[in-house]
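A.B. asks: Below is the sequence, then the predicted model.
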Amino acid sequence: MRFAIYGTGGMGREVAPIAADQLVAEEISYLSDDRPDIVFVDDSENAPTVCNGLPVISFRQLQSSEHRTRKIIAAVGDGRIRKKIEDRCIAADLQIASLTAKTARIFGGVAVGAGSVLCDFTTVTSNIKIGKSFQANVYSYVMHDCVIGDYVTFAPRVCCNGNVHIGDFAYVGAGAMFIQGTRDRPLIIGEGAVVGMGAVVLKSVAPYTVVVGNPARLVKTLHRPD
Amino acid sequence: MRFAIYGTGGMGREVAPIAADQLVAEEISYLSDDRPDIVFVDDSENAPTVCNGLPVISFRQLQSSEHRTRKIIAAVGDGRIRKKIEDRCIAADLQIASLTAKTARIFGGVAVGAGSVLCDFTTVTSNIKIGKSFQANVYSYVMHDCVIGDYVTFAPRVCCNGNVHIGDFAYVGAGAMFIQGTRDRPLIIGEGAVVGMGAVVLKSVAPYTVVVGNPARLVKTLHRPD
Amino acid sequence: MRFAIYGTGGMGREVAPIAADQLVAEEISYLSDDRPDIVFVDDSENAPTVCNGLPVISFRQLQSSEHRTRKIIAAVGDGRIRKKIEDRCIAADLQIASLTAKTARIFGGVAVGAGSVLCDFTTVTSNIKIGKSFQANVYSYVMHDCVIGDYVTFAPRVCCNGNVHIGDFAYVGAGAMFIQGTRDRPLIIGEGAVVGMGAVVLKSVAPYTVVVGNPARLVKTLHRPD
Ligand SMILES: CC(=O)SCCNC(=O)CCNC(=O)[C@H](O)C(C)(C)COP(=O)(O)OP(=O)(O)OC[C@H]1O[C@@H](n2cnc3c(N)ncnc32)[C@H](O)[C@@H]1OP(=O)(O)O
Ligand SMILES: CC(=O)SCCNC(=O)CCNC(=O)[C@H](O)C(C)(C)COP(=O)(O)OP(=O)(O)OC[C@H]1O[C@@H](n2cnc3c(N)ncnc32)[C@H](O)[C@@H]1OP(=O)(O)O
Ligand SMILES: CC(=O)SCCNC(=O)CCNC(=O)[C@H](O)C(C)(C)COP(=O)(O)OP(=O)(O)OC[C@H]1O[C@@H](n2cnc3c(N)ncnc32)[C@H](O)[C@@H]1OP(=O)(O)O
Ligand SMILES: O=c1ccn([C@@H]2O[C@H](COP(=O)(O)OP(=O)(O)O)[C@@H](O)[C@H]2O)c(=O)[nH]1
Ligand SMILES: O=c1ccn([C@@H]2O[C@H](COP(=O)(O)OP(=O)(O)O)[C@@H](O)[C@H]2O)c(=O)[nH]1
Ligand SMILES: O=c1ccn([C@@H]2O[C@H](COP(=O)(O)OP(=O)(O)O)[C@@H](O)[C@H]2O)c(=O)[nH]1
């Protein structure tokens, strides 16, 4: 397995070591014959050519025969940008990978879509359905019977208790907590909702709204993307 | 060791994998000769006959010669129900087990009663006394010099700092935090107290009261059970 | 490696097991030939002579030929006291150690000064600079591009997101969270600032002030030490 980490921002630089661990776990040398098996990809003109010891290539280079067998991780915190990057890669016939840190815990009856990143100390317990390109930053957990959409982002330490349903593109800030729902009445976090860092969410959250605080209250309504 | 996980609810389904890990750690095959060493027990008429691949038996079947050597884990979040289940099992001469997830950390000078479940990424540090049937959900921690009663329940991510004393049947919501006490003046959480998800507890909490918020404040007084 | 854990308080008793783990990791027997490789040091007249099975010695004994090759960990939660202890040890030509729990995760491009203690389940990700005598209690994390001064203390479960700069002697309470800064505009926590347990910090914090709450607000201004 050879990886391409898309993005040299904070998230990219935190995801690359997880990819390295995964290569080690697969007993493939991280830096065999001086040609690293991990590269970064970045579209910015200001991107460095080397980042934390790994080469940074362009999207054009990624499509070359030298690199196009790499599996791609869209390693940016914004779910819309992950979608854009992944769609472009898929259109170019490239493949999307998933990463699971070696300290992550996943129990049974769990389905996770392509492109997911489960960072260190994350937990996904039993009977859970998660869509494409889910990003769970360090210490985040998802408990029993949750259903999570596509391109959902959990900052570090998110507490997603049982029977919570989360819509596509929702963003959940660090340390935010969801009270459990029930099978008949799940707690529902709407599509594109934003949950502030440290929010203590006791009630369902409407799509494209922002909630913050303890207990969480509405502070903003967002424009729906076209 | 053969286990019976009492309850097929959210907690039961999250505890069964810990039991499986413990069997693996003891090098006993989880599914040897097609007869799983783990079964669920459930008293509900609506309980399935198979849950996450494991058989679900009744309390009557549990007492049969085929099953009565199993060690029992009362895997429900409500401490009063755990007591009821455990008392009934003990009256039927069955044995109670304890479970410790493989990622849990326990330091020295710690005494924990029977029936405890320490889930993944929990920590119990030094010089701590914990009663019967303690349930510490994922990421919860208990620090130095704490004293915890019987049938206490910690939801995920509870922060129990040093020198906190917690009474029997207390329930602590996800992510709740207790400020440290001192040896001479511990922080005291009364019997049957309920601490809301995300509460930041700076002062002792009276028995059978509910506190929530940052900082935590009283919101309800509960009826004491008879 | 032989250790001397300075302080038999809560922190000392929680740090000693990390030192023991580190000895085991280095395949040095914890209790070889009945002479423990770990001792406590405590200046208090009321200190016990044995603590959790390990001898407690005085600073004078620490300087004796029997003990002076030990590496020292100032294991107290107060950064000013750690400085005092370390300065005195360095003046006596003794050496300061650092400890990293076996479950801690440290990524690349990280520089950490002498005397640090990274407790269980802590994470330090990529491109981070940390000064002397940093103490990160259980579950605390430091994310990309943070810069942390000397004698900084993190209680358990601190959430330090990307691009946060923290001054010398700052104390961060359990479960407190910092919103991320940017490369050009880091979030700044001033020297000697105190952040309350559970605080949700959205704005920079002035030196020698105390903030608490969600969102965090100023509650006190402290006297600067001379
Ligand atoms: C490794 C990493 O770094 S991963 C990144 C981790 N970072 C996070 O989780 C941060 C998540 N982001 C937040 O919490 C943001 O504050 C957001 C998204 C909720 C809101 O951002 P904005 O839309 O810019 O809102 P804005 O800053 O204008 O705040 C609006 C109001 O809500 C309040 N507010 C904003 N965020 C929060 C919060 N997390 N908790 C409490 N109050 C908040 C503000 O104080 C402001 O109140 P006011 O109108 O009374 O002054
Ligand atoms: C895997 C798993 O799922 S494990 C389960 C994890 N889940 C938890 O930890 C949830 C713990 N439960 C709670 O926090 C509950 O809200 C309880 C137990 C504190 C209170 O429940 P109830 O008795 O039903 O209280 P109720 O919902 O009527 O709330 C009473 C008041 O307190 C407020 N409140 C309730 N809980 C909280 C909370 N956690 N934080 C802040 N405010 C709260 C309510 O908004 C309400 O205020 P109001 O009167 O101004 O409207
Ligand atoms: C293993 C271990 O045990 S590690 C230790 C972990 N412990 C911690 O993290 C605790 C950190 N300490 C705190 O949070 C403390 O309360 C401090 C340092 C912020 C303040 O302590 P003090 O200076 O004694 O402040 P004091 O208790 O007088 O409180 C001042 C005000 O702030 C409020 N307050 C204090 N701390 C907090 C807090 N964490 N959250 C919300 N409000 C708080 C008080 O209620 C009080 O409000 P009031 O004036 O309206 O009554
Ligand atoms: O279509 C895109 C969008 C973003 N990026 C890169 O992804 C990184 C995002 O970094 P940022 O710090 O903004 O976000 P984070 O890593 O914190 O999610 C930057 O290097 C961008 O140049 C990119 O290559 N292509
Ligand atoms: O005396 C009892 C009480 C409860 N249960 C079962 O325990 C489970 C509890 O599940 P629930 O989702 O209510 O609670 P949780 O698992 O979240 O604690 C249910 O299947 C109940 O039928 C039982 O078998 N006997
Ligand atoms: O200069 C000093 C300061 C403190 N201590 C010891 O360090 C411990 C500090 O314990 P405390 O419970 O006050 O703090 P914590 O361990 O919680 O940080 C006590 O045994 C003190 O006697 C010491 O030996 N020399």
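C.D. replies: Sure thing, it's come through. Ligands and ions are numbered 1, 2, ... in the order given.
A.B. asks: for the residue of chain A found nearest ligand 5, what are its contacts?
C.D. replies: When scored by CB to the nearest ligand atom, chain A has A:Gly162 as its residue closest to ligand 5, at 6.6 Å. For the C-beta atoms, the positions are set from N, CA and C on the backbone; glycine is no exception. By CB atoms under 8 Å, 6 or more residues apart in numbering or on different chains, the contact list for A:Gly162 reads A:Met143, A:His144, A:Asp145, A:Cys146, A:Gln180, A:Gly181, B:Gly10.
A.B. asks: close enough to count as contact, A:Val112 and A:Ala136?
C.D. replies: No - contact criterion CB atoms under 8 Å: A:Val112 and A:Ala136 do not qualify, at 9.6 Å.
A.B. asks: Run through the bridge partners of the spatially most central residue of chain A.
C.D. replies: Chain A has A:Gln135 as the residue nearest its centroid, 1.6 Å off, counting by CA atoms, centre = their mean. Counting by DSSP bridges, A:Gln135 is bridged to A:Val117, A:Thr153.
A.B. asks: so it makes contact with A:Thr122?
C.D. replies: No - the criterion here is CB under 8 Å, and A:Gln135 misses it with A:Thr122 at 10.0 Å.
A.B. asks: Packing partners of the least confident helix or strand in chain A by mean pLDDT?
C.D. replies: Counting by mean pLDDT, DSSP states H and E, chain A has its least confident helix or strand at helix A:10-25, which shows a mean of 92. Contacts defined by 3 or more CB pairs under 8 Å, 6 or more residues apart in numbering or on different chains; DSSP states H and E place helix A:10-25 against strand A:3-6, strand A:38-41, strand A:99-100.
A.B. asks: ok, and does the second one reach over to ligand 4?
C.D. replies: No - Strand A:38-41 stays clear of ligand 4 (CB under 6 Å from any ligand atom), getting no nearer than 6.5 Å.
A.B. asks: Residues in contact with the following helix or strand past that strand: which ones?
C.D. replies: Once the chain leaves strand A:38-41, the next helix or strand it forms, by DSSP states H and E, is strand A:50-51. Under the contact criterion CB under 8 Å, 6+ apart, strand A:50-51 has outside partners A:Thr8, A:Gly12, A:Arg13, A:Phe40, A:Asp42, A:Val56.
A.B. asks: what residues go with each domain of chain A?
C.D. replies: Annotated domains of chain A cover A:3-97, A:100-214 [automatic domain parsing].
A.B. asks: Now these in TSV, please, with extra columns for distance to C:Ser204.
C.D. replies: Formatted as TSV, these follow (distance: least, CB to CB, whole Å):
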stretch	distance to C:Ser204
domain A:3-97	19
domain A:100-214	15
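A.B. asks: coming back round to it: highest mean neighbour count out of the helices and strands packed on helix A:10-25?
C.D. replies: strand A:3-6 (a mean of 28; mean count of other CB atoms under 10 Å in any protein chain shown).
A.B. asks: Need the residues that contact it.
C.D. replies: Counting by CB under 8 Å, 6+ apart, strand A:3-6 makes contact with A:12, A:15-16, A:19, A:22-23, A:37-42, A:54, A:57, A:62, A:67, A:70-76, A:85, A:89, A:97, all of which sit outside it.
A.B. asks: Can you list the low-confidence ranges for chain A?
C.D. replies: Residue ranges of chain A with pLDDT under 70: A:27-36.
A.B. asks: A:Ser126 contacts B:Ile18, correct?
C.D. replies: No - counting by CB under 8 Å, A:Ser126 sits too far from B:Ile18 to count as a contact (10.8 Å).
A.B. asks: Counting neighbours, what do you get for A:Lys166?
C.D. replies: Quick fix: residue A:166 reads Ile, not Lys. The tally of other residues near A:Ile166 (other CB atoms under 10 Å in any protein chain shown) stands at 28.
A.B. asks: Now distance to B:Pro186, neighbour count and secondary structure too, for the contacts of A:Gly162, in a markdown table please.
C.D. replies: What follows is the contacts of A:Gly162, written out as a markdown table (distance: CB to CB, whole Å; neighbours: other CB atoms under 10 Å in any protein chain shown; DSSP: H, G, I helix; E, B strand; the rest coil):
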| residue | distance to B:Pro186 | neighbour count | secondary structure |
| --- | --- | --- | --- |
| A:Met143 | 31 | 29 | coil |
| A:His144 | 34 | 23 | coil |
| A:Asp145 | 37 | 24 | coil |
| A:Cys146 | 36 | 26 | coil |
| A:Gln180 | 30 | 21 | coil |
| A:Gly181 | 35 | 18 | coil |
| B:Gly10 | 32 | 23 | helix |
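A.B. asks: check those against ligand 1, which are close?
C.D. replies: Counting by CB under 6 Å from any ligand atom, no member of the contacts of A:Gly162 is near ligand 1.
A.B. asks: which among those gets closest to ligand 6?
C.D. replies: Of all those, A:Met143 has the smallest distance to ligand 6: 32.5 Å, by CB to the nearest ligand atom.
A.B. asks: If we ignore the residues flanking it in sequence, what's nearest that closest one?
C.D. replies: Distance criterion CB to CB, 6 or more residues apart in numbering or on different chains; nearest residue to A:Met143, sequence neighbours excluded, is A:Gly162 at 4.5 Å.
A.B. asks: How about whichever residue of chain A sits closest to ligand 4: what's its closest non-neighbour residue?
C.D. replies: Using CB to the nearest ligand atom, the single residue of chain A nearest to ligand 4 is A:Gly9, 1.9 Å away. Once flanking residues are discounted, A:Gly9 sits nearest to A:Val76: 6.3 Å by CB to CB, 6+ apart.
A.B. asks: so what's the one you found up against?
C.D. replies: If you count contacts by CB under 8 Å, 6+ apart, A:Val76 has them with A:Tyr6, A:Gly7, A:Gly9, A:Met11, A:Gly12, A:Arg82, A:Ile85.
A.B. asks: on that earlier part again, let me know which of the domains of chain A is tucked in deepest.
C.D. replies: The highest average neighbour count among the domains of chain A, using mean count of other CB under 10 Å, belongs to domain A:100-214 at a mean of 23.
A.B. asks: what's the spacing between the residue lying closest to A:Lys83 once chain neighbours are set aside and B:Lys203?
C.D. replies: Counting by CB to CB, 6+ apart, A:Tyr151 is the residue found nearest to A:Lys83 once chain neighbours are left out, at 5.2 Å. In this view, A:Tyr151 and B:Lys203 are 43 Å apart by CB to CB, to the nearest Å.
A.B. asks: Also A:Ala216?
C.D. replies: Distance, A:Ala216 to B:Lys203, by CB to CB: 24 Å.
A.B. asks: for chain C, what are the nearby residues on chain A?
C.D. replies: Selection of chain A residues close to chain C by CB under 8 Å from any CB of the partner chain yields A:10, A:13-14, A:16-17, A:52-53, A:103, A:120-121, A:138-139, A:155-157, A:174-175, A:197-198, A:212-214.
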